[in-house]
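Visitor: build me a structure from this.
(one chain, ligands or ions: 1)
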Amino acid sequence: MTKKRKSHQAWSWVFMIVFIVLSIIDFRFGILGIICMTTPMILALRGSGKAHCSFYCPRGSLLGKFLKPISFHNNLPKWAKSNKVKNMLLFAMVSMLTIGMFHANREGFNLMKTGFTLFRFMTASLLVGIMMGIVFKPRTWCQVCPMGHGTAIIDKGLKGRKITKEKNLSQ
Ligand code: SF4
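Guide: Numbering: from 1, shown residues only. Next up is the predicted model:
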């Protein structure tokens, strides 16, 4: 029997607040953003699918928890959640982060600048998520989120490989 995973989304928003406060106090804490960015991918690569989105994500938790009373609860237009838009957003975010990291560390690793780059990246995506959550439904960001999309791509790829492997074995 598989054990049912417990969701921590009712309170995991606390991590996002702690991250923002610590990073404002000292930009070096921004380095913690790496945890938020890599955990979804690591879980997906380990075969847990979108477990991060469903059970842990502090950003998703924060959007869902606080935007309900102020959200207009509109539906995001269909075109905006197409794969084309999600791929473009993923590409734009990865490019922005890569360029930011390059500039931060071009004279050798710099913890302060790296932390600031990650903090800026995380808060920028959170602000976009908040704006989208107000205009549309609270967790609308999750419909286009590059991390969620990247995780879904990994998950799909792994499942596809598993099916091909099973087919080959049964032949
Ligand atoms: S889609 Fe993005 S913001 Fe939403 S739960 Fe997943 S990782 Fe978090």
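Visitor: can you list the residues of the protein near the ligand?
Guide: Selection of the chain residues close to the ligand by C-beta under 6 Å from any ligand atom yields 40, 52-53, 57, 59-60, 141-142, 145, 147-148. For every residue, glycine as well, the C-beta is placed using N, CA and C.
Visitor: out of those, list just those in helices.
Guide: Of the positions in the residues of the chain next to the ligand, 40, 59-60, 147-148 sit in helices, assigned by DSSP state H.
Visitor: for the buried ones among the residues of the chain next to the ligand, write the corresponding PyMOL selection.
Guide: To isolate the buried members of the residues of the chain next to the ligand in PyMOL, using 16 or more other C-beta atoms under 10 Å:
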select buried, resi 40+52+53+57+59+60+141+142+145+147+148
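Visitor: identify the residues contacting the spatially most central residue of the chain.
Guide: The centre of the chain sits closest to residue 147, judged by C-alpha atoms, centre = their mean, with a distance of 3.6 Å. Residue 147 is in contact with 37, 40-41, 52, counting by C-beta atoms under 8 Å, 6 or more residues apart in numbering.
Visitor: can you give me the distance of it to residue 24?
Guide: 22 Å (C-beta to C-beta, to the nearest Å).
Visitor: could you do residue 122 as well?
Guide: For residue 122, the distance to residue 24 - C-beta to C-beta - is 12 Å.
Visitor: next: residue 42.
Guide: Distance of residue 42 to residue 24, given as C-beta to C-beta: 27 Å.
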